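Novice: one predicted model, sequence on top.
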Amino acid sequence: MTRPALRLEGIVKTFPGVRALDGVSFSVLPAEVHALLGENGAGKSTLMKVLAGMHQPDEGAIFIEERRVVQRTPLEAKANGVVLIHQELSLAEEMTAAENIFLGELPRKRFGRVDWKTLHARAGEILARLNCDFSPETKVAKLSIAKKQMVEIARALTVDAKAVVFDEPTASLTDAEKVVLFDVIRDLKSQGVGIVYISHRMEEIFTISDRITVLRDGACRGTLVTAATDEDAVTQAMIGRSLDYSRNAAAAGHGETALEVRHLSCRGLFEDVSFSVRRGEVVGFYGLVGAGRTEIAETLFGLRAPSAGEILIDGQTTRIASPVEAIAKGISLVPENRKEQGLVLGMSCRDNMTMPQVAGLSRGPFVSGSHEGEIYERYRDRLAIKAPTPKTPAKNLSGGNQQKIVIGKWLAMDPKVLIVDEPTRGIDVGSKAEIHNLLRELARAGLAVIVISSEMPEVLHVSDRVIAMYHGRIMREFTAEEVNEDNLIQAISGISSRAA
């Protein structure tokens, strides 16, 4: 048999109160893309951090080409030919792209001086290989999230890698950038590199991988040959049950119009946008990156000032100049980036959930802990949040439970209109189904719900109506009965218009 490029044997890792890894054994062959799947909290990222030298295992061993290694730091792992491309970006924002790509191994001249010419030339070659359109001398802080992700990926191309781990690499990439990434992965594979690919997106797994290993509750639940299995079998291995992927039936008996937008514009971002959302209705917004969907949400929430148009709440024209005013008028926004915009990761689950209403829970200089506890327990039970205690820091939760904390925080404000931007980004299939069911339940309870998503199956599944955007304009509006993949793709590509 071919000698594995990488093998982990009996890995155990325990954190206070949690056995994150329970004797996991895993291997990847040279020239293989081996997918690692599991629900949020299953242990995937912990296993990869052990491999990358960020965590030390309590038990078990790591072998690189059957040579046992001890990796105490990421630099030691990299020296052994193991590179981890993080799900959460680990870049130095105030340094250039080139400096980040070669961080810790900058080319040097005599007397230890940095060889800037060589650095920029080598970084430029790698960025060109990734079809990046920015200079290696660009400061990372000025790059978009997608371009920062490409810098992270570029780091893997600087060493003679034996194994490269991609942890949710496409979470922030456009479709065009995903094509480039897959080409890079196939190129690495052709050079005999073993690839570990972690993703919640099944279509990617079945496109790129050769084998699939499933983790559940910190233990390995089996390895499948990708070509010999299907999504249902993988899902059952992950969560112990099948999921219903059928489209959401349109809800009956929608109520009055809760939100109406008339000819709304925000100069340079979107123009002449008009739509409405009724109580009990889920309206999906779909479009390519840069179509203006998030910017509309931010304008409705008072984060951006419109240049024209009007917003009506319950039929009354209203001015929203800040998030405080939006909240007061019954609009809540679950933002696109939960870790940076939705949570204070070092704070407890309870404090995160009650943050917007601290003033109302205070008596003098003190916040009522009992009232905070009541709010947390109510939404913990309603949303099935899994956290050891209310005081557990939000950073210790899985992505799905973090998202539920953010949703609970805004539901606790008793909104009329709930806007959720990319509600299931970076979330496993089980938690994704729970959030989809929650959104439908909220609509049935009388909320007006807006869902912004880059995933077509998600928009088709949860929405009663779908609004397709292209370059800052609404191209088409579809009912659940009218919409399908073909006409939606045409609309977001600018091929068909509202009049079609």
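Specialist: In hand now; what should we look at?

Novice: surely Ala448 and Val277 touch.
Specialist: Yes. Using C-beta atoms under 8 Å, Ala448 is in contact with Val277, at 4.2 Å. No exception for glycine: its C-beta is placed from N, CA and C like everyone else's.

Novice: overlap in contacts of these two?
Specialist: Here Ala448 and Val277 have Ala258, Leu259, Val283, Val417 as joint contacts, going by C-beta atoms under 8 Å, 6 or more residues apart in numbering.

Novice: for the second one, the count of nearby residues, please.
Specialist: This means Leu259. Around Leu259 there are 24 other residues, counting by other C-beta atoms under 10 Å.

Novice: Three-state assignment for it, please.
Specialist: strand (DSSP: H, G, I helix; E, B strand; the rest coil).

Novice: tell me which element Val449 is part of?
Specialist: strand 448-452 (DSSP states H and E).

Novice: mind listing what that strand pairs with, with the direction of each?
Specialist: strand 282-287 (parallel), strand 417-421 (parallel) (DSSP bridges).

Novice: can you list contacts of it?
Specialist: In contact with strand 448-452 (C-beta under 8 Å, 6+ apart) are residues 258-259, 277-285, 293-294, 297, 336, 416-423, 439, 442-443, 458-459, 462-463.

Novice: same question for stretch 130-143.
Specialist: With C-beta under 8 Å, 6+ apart, stretch 130-143 has contacts from 91-98, 100-101, 119-120, 123-124, 127, 147-148, 150-151, 153-154, 157, 180-181, 184.

Novice: separate out the buried members of these.
Specialist: Neighbour-count burial (16 or more other C-beta atoms under 10 Å) applied to those gives 91, 96-98, 100-101, 119-120, 123-124, 127, 147-148, 150-151, 153-154, 157, 180-181, 184.

Novice: in helices, which of those residues fall?
Specialist: The helices, defined by DSSP state H, take in 97-98, 100-101, 119-120, 123-124, 127, 147-148, 150-151, 153-154, 180-181, 184 from the buried ones among the contacts of stretch 130-143.

Novice: grab the nearest non-local neighbour of Thr170.
Specialist: Lys178 (5.1 Å; C-beta to C-beta, 6 or more residues apart in numbering).

Novice: where do the strands of the stretch 101-250 of the chain begin and end?
Specialist: Using DSSP state E, counting those that start in this stretch, the strands of the stretch 101-250 of the chain run over 163-167, 194-198, 211-216, 219-225.

Novice: and among these, the most buried is which?
Specialist: strand 163-167 (a mean of 27; mean count of other C-beta atoms under 10 Å).

Novice: that strand pairs with which strands, and in what direction?
Specialist: Take DSSP bridges as the rule and strand 163-167 pairs in its sheet with strand 82-85 (parallel), strand 194-198 (parallel).

Novice: chain center to that strand, what's the gap?
Specialist: Using C-alpha atoms, centre = their mean, to the nearest Å, the mean C-alpha position of strand 163-167 is found 17 Å from that of the whole chain.

Novice: show residues contacting that strand.
Specialist: By C-beta under 8 Å, 6+ apart, strand 163-167 touches 5-6, 28, 44-45, 48, 51-52, 64, 81-87, 153, 156, 185, 188, 193-199.

Novice: mark which of the residues you listed are buried, thanks.
Specialist: 5-6, 28, 44-45, 48, 51-52, 64, 81-87, 153, 156, 185, 188, 193-199.

Novice: shaky segments in the chain?
Specialist: Within the chain, the stretches with pLDDT under 70 are 1, 17, 40, 87-89, 172, 240-253, 359-369, 495-500.

Novice: and for Lys178, the neighbour number?
Specialist: 17.

Novice: ok, now Lys395?
Specialist: With other C-beta under 10 Å as criterion, Lys395 counts 12.

Novice: not counting sequence-adjacent ones, nearest residue to it?
Specialist: Leaving aside its chain neighbours, Lys395 sits nearest to Leu345 (3.8 Å; criterion: C-beta to C-beta, 6+ apart).

Novice: my guess is that neighbour contacts Ala394. True?
Specialist: Yes. Assessed by C-beta under 8 Å, Leu345 is found in contact with Ala394 at 5.2 Å.

Novice: more neighbours, the two?
Specialist: Ala394 (24 against 15).

Novice: show me how the chain divides into domains.
Specialist: 6-239, 257-492 (automatic domain parsing).

Novice: first vs last residue of the longest one, how far apart are they?
Specialist: Length of domain 257-492, first residue to last, C-alpha to C-alpha, to the nearest Å: 26 Å.

Novice: how far does that domain sit from the chain's center?
Specialist: On C-alpha atoms, centre = their mean, the centre of domain 257-492 falls 15 Å from the chain's centre.

Novice: what's the answer for the first one, then?
Specialist: Taking C-alpha atoms, centre = their mean, the mean C-alpha location of domain 6-239 is offset from the chain mean by 16 Å.
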